[in-house]
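>>> Please work out how this folds:
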Amino acid sequence: MVPLAAPDDPNDRLQHFEEEVNYLSALNDAILRASCQSLIVVDEAGFICWLSEDIPNIFGYEQAESLINQNVGIIVQDLSSSLNLGDYSQREARGFHTDGGFLQLEVGIAAIRSATKRGNVAITIKHITRLKKRRISQRLRESSAYILDAAFDPMFCTDGEGVIIMVNQAAVKEFGWSETEFIGQNVRIIVGAEHQDRHDSYMKHYVESGIKKMIGKKREVQARRKDGTEFVAELGLAEIPQRDFDENIFCGFIHNLTKEKAAQAEITAKQNLTSKIIDASFDALFVINQRGIIQMINDQSTKTLGWSRDEFIGQNINMIMPENHSANHDSYLSRYLETGTKNIMGKEREVEARRKDGSKFPCILGIAEVNDKGGSDRLFCGFIRSLAHEKALERRVSDEEERNLKNAKEMLEQKSTILGILDASFDALFVITEEDRIIQMVNQKSCDLFGWKKEEFIGQNITMIMTDDVATHHDQYVENYLATGVKKMIGKQREVVAKRKDGSTFPAALGLAEPQAAGLICGFIRDLTQEKAVKEKITREQLLTSKIIDASFDGLFVIDHGGIIQRVNEASCNVFGWSREEFIGQNIKMIMPDGHAENHDRYLSRYVQSGFKRMIGKEREVEARRRDGSTFPCILGLSEVVTNGTTQFVGFVRDVTMQKSLLLAEAEREASDSLLFNILPEHIAYRLKADPSHIADHYDNTTILFADIVGFTDRTSKMSPHDGTKIV
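Prediction:
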């Protein structure tokens, strides 16, 4: 700019100078905007005198006035030592954003020379955070993108301040942000609220101290998606060697644990349901191992025998047996395990049991093996039903009939940068050539999983980790792909059987990807052993539960809040005559006579609405109906079971026909005794009860009298004993 000559007139000269100042100010602003830089002017003490209009936006302030007269150190770190350096200096510096994050800046510092005023300093600022991160991200992606994008799990690379410099496609798919949206953001955006505030402090502590509190370890965290939803995840964090970069670079892999947590919750729910149903049983239940050590009991066991649950668990089952039986029990179990001969297994027998106070009582014992796969985990389930009440009836009435005690009871369910990133992966990685399938690269997880060293892998055919049948199909697939170009398996996952160095095999998930590099195929392999074990555990739990239920003495029904049958045991089918398939999905009213069936739904509905336990948790005598329409008396016990917020009801039904018959026989005997003493002299009645033949041999008239009495049966049956005696 060529300055114009100043006018001679003083007033014109003043106006001329004002125009010059305004022009120079406008020119300065234009130059700053054209250079993509921002400007701050500070005094000799470092306090801000003036700033360009974009400065507040860079550092997160709403108004420029909030920064005027503030020390420049609140937005740019350690500038005080540079304000007195010569005429001009330039360097990188760290900036502070109001949200707590850091900014990478390029600053230029120059003293303002003026004839009238000295000491002010001009500071130009260029925000280079995103630019620098994109450069690092580009360098990383050039060497590793095609491999990382084939990984099963999300991957993030960050600098020492937690700023994201690279992600893979799994991260984009899992969290919902695009790759462009991720780059330059603090990794806190994917951390759940519980861990978010502490995340930066972990990274800063390691960078400053070198103490690896979490580096190289795995931990469970709460992760957050773009839409705000959160999920439980496993985080593995590793530091990438710094040979190619001038700052700390960290790589993290995140594995979604939602499915694993759901499987564990399902197992827990089934175990809780099993435990609650077992505790609802009428009979005492014991589960023991092959050494006779008690593993599980129900509430009825503690009530019947007197010991607490803690006193039972871990003790030998012979603690509930009298001394003359306890010595034999272990030998019975040992003989069965050695020979397989089922002397007592699967049968019911009458034994004597002992309570904590030393008292004894007769009982029925039924024992069955509930898992018969052999090994050290063989379990046996025993049901104990007290016969004290039945024995009392036998002593009072007679033992004309055998007891029918086969009703069920219980239970239920129970190399450089890329190698640093890849070695942090949860899955094994292989990069092979297309034509001859020769291994070019593996990660540390491959070595851990298969047992070979990296040097033993490189240069070998990929079939070394396959069983013979899988290797044959693999070669055929690759040959078809090379011949036709049809990507039948590329970009997909499938389950295969993999082979370790020691020859052992395991189930695995295989995912293949075709990298940008020509002639290569990348594969990730995940060990499915644990996932399979979880599924097998669920299956075993269900099998154990079914066997316990079918070992029960009494009929068992599980119904929902609407009275619909969800589950029955084998005893229910035997007692009522319907098959298991005919029961499931029907209303429980099907086993009730018409008079009771109409009221049942109303009872159940009233309880669900009011919570008033009129029948829940109690036993009562009702009439039940079989498939053929016949009815019989039974004891009904109903309990409520709540699992995962779902309410179900467990009912046990015991046929008491035999007990009722015994009581009726006793009543008839008492009535006949009463009639006998009313119609005969007392000494003759006693002799007749003691020895009926003696009376008949010595008293002919008595025999005729009995015949007459029999003839009057119909007539006297409606009379009192006193009136009947008068007729005689």
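
>>> tell me the contacts of the nearest residue to residue 98 once chain neighbours are set aside?
Sequence neighbours aside, residue 60 is the residue nearest to residue 98 in space, at 3.5 Å (criterion: C-beta to C-beta, 6 or more residues apart in numbering). Every C-beta, even on glycine, is put in place using the N, C-alpha and C of the backbone. Neighbouring residues of residue 60 by C-beta atoms under 8 Å, 6 or more residues apart in numbering: 97, 98, 99.

>>> who touches the last one in this structure?
If I follow you right, that is residue 99. By C-beta under 8 Å, 6+ apart, the residues touching residue 99 are residue 60.

>>> where does it sit relative to residue 157, distance-wise?
22 Å (C-beta to C-beta, to the nearest Å).

>>> mind checking pLDDT for the closest residue to residue 45 other than its chain neighbours?
Spatial nearest neighbour of residue 45, excluding adjacent residues (C-beta to C-beta, 6+ apart): residue 71 at 7.8 Å. Model confidence at residue 71, expressed as pLDDT, equals 89.

>>> For residue 71, name its beta-bridge partners.
With DSSP bridges applied, residue 71 shows beta-bridge pairing to residue 47.

>>> And for residue 91?
Going by DSSP bridges, residue 91 is paired in beta bridges with residue 107.

>>> Repeat that for residue 40.
Going by DSSP bridges, residue 40 forms beta bridges with residue 51, residue 123.

>>> That one: neighbour count?
22 (other C-beta atoms under 10 Å).

>>> show me where the stretch 451-600 of the chain has strands.
Applying DSSP state E, counting those that start in this stretch to the stretch 451-600 of the chain gives strands spanning 493-499, 505-513, 520-527, 555-560, 565-568.

>>> Sheet partners, orientation included, of the fourth one?
Strand 555-560 sits in its sheet next to strand 565-568 (antiparallel), strand 646-655 (antiparallel), going by DSSP bridges.

>>> Mean pLDDT lowest where, among those strands?
Lowest mean pLDDT within the strands paired with strand 555-560: strand 646-655, at a mean of 85.

>>> what's across from residue 553 in the sheet?
residue 408.

>>> returning to that earlier point: could I get the strands paired with strand 555-560 as TSV with distance to residue 89 and mean neighbour count?
Shown next, in TSV, are the strands paired with strand 555-560 (distance: least, C-beta to C-beta, whole Å; neighbours: other C-beta atoms under 10 Å):
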stretch	distance to residue 89	mean neighbour count
strand 565-568	80	20
strand 646-655	72	21
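
>>> Now distance to residue 55 too, for those, in TSV please.
Output for these, formatted as TSV (distance: least, C-beta to C-beta, whole Å):
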stretch	distance to residue 55
strand 565-568	69
strand 646-655	60
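
>>> Residue 221 is nearest to which of those?
Taking C-beta to C-beta, strand 646-655 is the member of these nearest to residue 221, at 30.2 Å.

>>> contacting residues around that closest one?
By C-beta under 8 Å, 6+ apart, strand 646-655 touches 273, 276-277, 280-282, 404, 407, 409, 552-561, 566, 572, 575, 588, 591, 604, 608, 616, 624, 632-642.

>>> continuing past it, what's the next helix or strand?
Next in sequence after strand 646-655, counting helices and strands by DSSP states H and E, comes helix 657-679.

>>> now that next one, how far from the chain's geometric center?
Put simply, helix 657-679 sits 60 Å off its chain's centre (C-alpha atoms, centre = their mean, to the nearest Å).

>>> picking up where we left off before, from the contacts of strand 646-655, keep the buried residues only.
With neighbours counted using 16 or more other C-beta atoms under 10 Å, the contacts of strand 646-655 contain these buried positions: 273, 276-277, 280-282, 407, 409, 552-559, 572, 575, 588, 591, 604, 624, 633-641.

>>> Would you map the strands across the stretch 201-350 of the chain?
Per DSSP E, counting those that start in this stretch, the stretch 201-350 of the chain carries strands over the ranges 218-224, 230-240, 249-256, 284-289, 294-297, 348-354.

>>> nearest to residue 429, of those strands?
Across these, closest to residue 429 is strand 249-256 (C-beta to C-beta), at 11.5 Å.

>>> quick one: strands adjacent to that closest one?
Strand 249-256 is paired, per DSSP bridges, with strand 155-159 (antiparallel), strand 230-240 (antiparallel).

>>> Return stretch 94-114 as PDB; C-alpha atoms alone will do.
C-alpha atoms of stretch 94-114 as PDB (Å, rounded to 0.1, in the frame of the first residue of the first chain):
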ATOM      1  CA  ARG A  94      -1.900 -26.800  23.800                       C
ATOM      2  CA  GLY A  95      -5.200 -25.000  24.100                       C
ATOM      3  CA  PHE A  96      -7.900 -25.400  26.700                       C
ATOM      4  CA  HIS A  97     -11.600 -25.700  25.600                       C
ATOM      5  CA  THR A  98     -14.400 -24.900  28.000                       C
ATOM      6  CA  ASP A  99     -15.700 -28.500  27.900                       C
ATOM      7  CA  GLY A 100     -12.500 -29.700  29.500                       C
ATOM      8  CA  GLY A 101     -10.900 -31.000  26.200                       C
ATOM      9  CA  PHE A 102      -7.500 -30.000  24.800                       C
ATOM     10  CA  LEU A 103      -6.800 -28.400  21.500                       C
ATOM     11  CA  GLN A 104      -3.600 -28.600  19.400                       C
ATOM     12  CA  LEU A 105      -2.600 -25.100  18.200                       C
ATOM     13  CA  GLU A 106       0.100 -23.600  16.000                       C
ATOM     14  CA  VAL A 107       0.900 -20.100  17.500                       C
ATOM     15  CA  GLY A 108       3.000 -17.200  16.100                       C
ATOM     16  CA  ILE A 109       4.200 -14.600  18.600                       C
ATOM     17  CA  ALA A 110       5.400 -11.100  17.600                       C
ATOM     18  CA  ALA A 111       6.100  -7.900  19.500                       C
ATOM     19  CA  ILE A 112       4.200  -4.800  18.400                       C
ATOM     20  CA  ARG A 113       6.600  -2.000  17.700                       C
ATOM     21  CA  SER A 114       5.100   1.500  18.100                       C
END
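
>>> distance of residue 194 from residue 218?
Distance of residue 194 to residue 218, given as C-beta to C-beta: 18 Å.

>>> higher neighbour count, the two?
Set residue 194 next to residue 218 and count neighbours by other C-beta under 10 Å: residue 218 wins out with 14 against 11.

>>> Bridging across strands, which residues link to that one?
For residue 218, the beta-bridge partners under DSSP bridges are residue 236.

>>> going forward, begin numbering at 24 instead of 1
Got it, the first residue is 24 from now on, which makes the last one we talked about residue 241.

>>> give the contact list for it.
257, 258, 259.

>>> just residue 414 next, same as before
With contact taken as C-beta under 8 Å, 6+ apart, residue 414 is in contact with residue 385.

>>> For stretch 563-581, the averaged confidence score.
Mean pLDDT, stretch 563-581: 77.

>>> Just the terminal-to-terminal distance for it.
Stretch 563-581 has an end-to-end distance of 20 Å (C-alpha to C-alpha, to the nearest Å).

>>> The residue nearest to residue 602 when sequence neighbours are not counted and residue 677, how far apart?
Distances taken as C-beta to C-beta, 6+ apart place residue 596 nearest to residue 602, at 6.0 Å, with adjacent residues excluded. Look at residue 596 and residue 677: by C-beta to C-beta, they are 16 Å apart.
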